[in-house]
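[1] what shape does this take:
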Amino acid sequence: MKFATWNINSLNVRLPQLLDWLQANPVDAIGLQELKLTDDKFPFVEIEAAGYHAVCHGQKTYNGVAILSRHPMRDVVRNIPDHEDEQARVIAATLDTPQGEVRLINCYFVNGQAPDSDKFLYKLRWLAALHAFVKAEMALHPQLLLVGDFNVAPEDRDSFDPEGLRGTIHHTPEERAHFQSLLDLGLTDAFRMFEQPEKSFSWWDYRMLGFQKNRGLRIDHILISQALKAKVTACMVDRAPRKNKQPSDHAPVVVSLD
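    Predicted structure coming up:
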């Protein structure tokens, strides 16, 4: 089985690229972030024609998340229960796969803007609520993946300029501590289970030739539960879509399970 995550940065703009990628990379399921459209505008017909079921939690202009799956989905949860939030950032579903039930939680983490901003305080509150939600979900679902755009570079090697950016957004001790707290629940960063090329990133700024100069961050992650860890055979960033005309500024991350 293969699972993926991709911040598509406007599904309206990037739908042809997504369909092309799915045809070339027929993953079992993918979590999408930054749909930037409402549910009534979601391209269900095109997605179903590509062979995928879809559930979504959209929002006009900003945010929005979806799960596309080749397998039937049920028990869908939108946003974090008991956490009031007007922004569409979380969607979870149980996939009935040939390997048994798999719980997929797909998130578009809060950006946070700057450590001294109100948006950063919102991010910290949101991260605490997510931690409680994931902990509860793990108690119910042994086979679980937490995927998405985390907006956190968890280690220095996940940043093109760790010293120059130290303490800035995505690099703060508070954000990294929250990332570690998710691992402490019993999750594993699938990408770091394998030897990876140096300066492996998943996001590059559109400005200043960010992709061409590989001035990027690894902020898109796939965390897996203990029950799935032994099945993981590979995890990689697919840089190819970042070379497209009018690409998303993020690249897909894909994990393979035996």
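
[2] show the model's pLDDT score for residue 61.
    Per-residue pLDDT puts residue 61 at 90.

[3] how close does it get to residue 30?
    The gap separating residue 61 from residue 30 is 22 Å, by CB to CB, to the nearest Å. Any C-beta I mention is one placed from the backbone N, CA and C, and that applies to glycine too.

[4] compare those two (neighbour count), which wins?
    residue 30 (27 against 9; other CB atoms under 10 Å).

[5] so the more buried one touches residue 7, yeah?
    No: in this structure residue 30 lies outside contact range of residue 7 using CB atoms under 8 Å: 11.3 Å.

[6] which residues does residue 68 bridge with?
    Under DSSP bridges, the beta-bridge partners of residue 68 are residue 30, residue 54.

[7] the residue nearest to the spatial centre of the chain in helix, strand or coil?
    With distances taken as CA atoms, centre = their mean, residue 148 lies nearest the centre of the chain, 1.0 Å away. Three-state call for residue 148 (DSSP: H, G, I helix; E, B strand; the rest coil): strand.

[8] can you pull the contacts of it?
    Going by CB atoms under 8 Å, 6 or more residues apart in numbering, residue 148 touches 5, 7, 31, 33, 65, 105-109, 220-221.

[9] now, the residues you listed that are in helices?
    Nothing among the contacts of residue 148 maps onto helices, per DSSP state H.

[10] closest one to residue 170 out of those, please.
    residue 109 (9.9 Å; CB to CB).

[11] tell me the pLDDT of that closest one.
    98.

[12] surely it and residue 131 touch.
    No: taking CB under 8 Å as the definition, residue 109 is not a contact partner of residue 131, at 11.8 Å.

[13] who's more crowded, the two?
    The residue with more neighbours, out of residue 109 and residue 131, is residue 109; 24 against 16, by other CB under 10 Å.

[14] contacting residues around the more buried one?
    Contacts of residue 109 (CB under 8 Å, 6+ apart): 89, 123, 126-127, 130, 148-152.

[15] rerun that using 10 Å as the cut-off
    33, 89-90, 123, 126-127, 130, 148-152, 170, 175, 178-179, 219-221 (CB atoms under 10 Å, 6 or more residues apart in numbering).

[16] now do residue 199
    Per CB under 10 Å, 6+ apart, neighbours of residue 199: 157-160, 214-216, 218.

[17] spatially, which two of the residues you listed are the most separated?
    Top of the distance list for the contacts of residue 199 (CB to CB): 157 and 215, 14.5 Å.

[18] mean confidence score for the longest helix along the chain?
    Of all segments of type helix in the chain, defined using DSSP H, the longest is helix 118-140. For helix 118-140, the mean per-residue pLDDT is 98.

[19] buried set for it?
    120, 122-124, 126-127, 129-131, 133-134, 137-138 (16 or more other CB atoms under 10 Å).

[20] who does that helix touch, helix- and strand-wise?
    strand 73-78, strand 90-97, strand 100-108, strand 144-149, helix 173-184 (3 or more CB pairs under 10 Å, 6 or more residues apart in numbering; DSSP states H and E).

[21] paired strands for the helix or strand that the last one is followed by, with orientation please.
    Looking back up the chat, that one is helix 173-184. Downstream of helix 173-184, the next assigned helix or strand under DSSP states H and E is strand 188-189. When pairs are called by DSSP bridges, strand 188-189 turns out to pair with strand 220-224 (antiparallel).

[22] return the distance of the partner strand from the chain's centre.
    With CA atoms, centre = their mean, to the nearest Å as the basis, strand 220-224 stands 7 Å off its chain's centre.

[23] and stretch 42-54, by the same measure?
    For stretch 42-54 - counting by CA atoms, centre = their mean - the centre lies 20 Å from the chain centre.

[24] who's in contact with the residue nearest to residue 113 when sequence neighbours are not counted?
    Distance criterion CB to CB, 6 or more residues apart in numbering; nearest residue to residue 113, sequence neighbours excluded, is residue 119 at 4.1 Å. The neighbours of residue 119, taking CB under 10 Å, 6+ apart as the test, are 110-113, 169.
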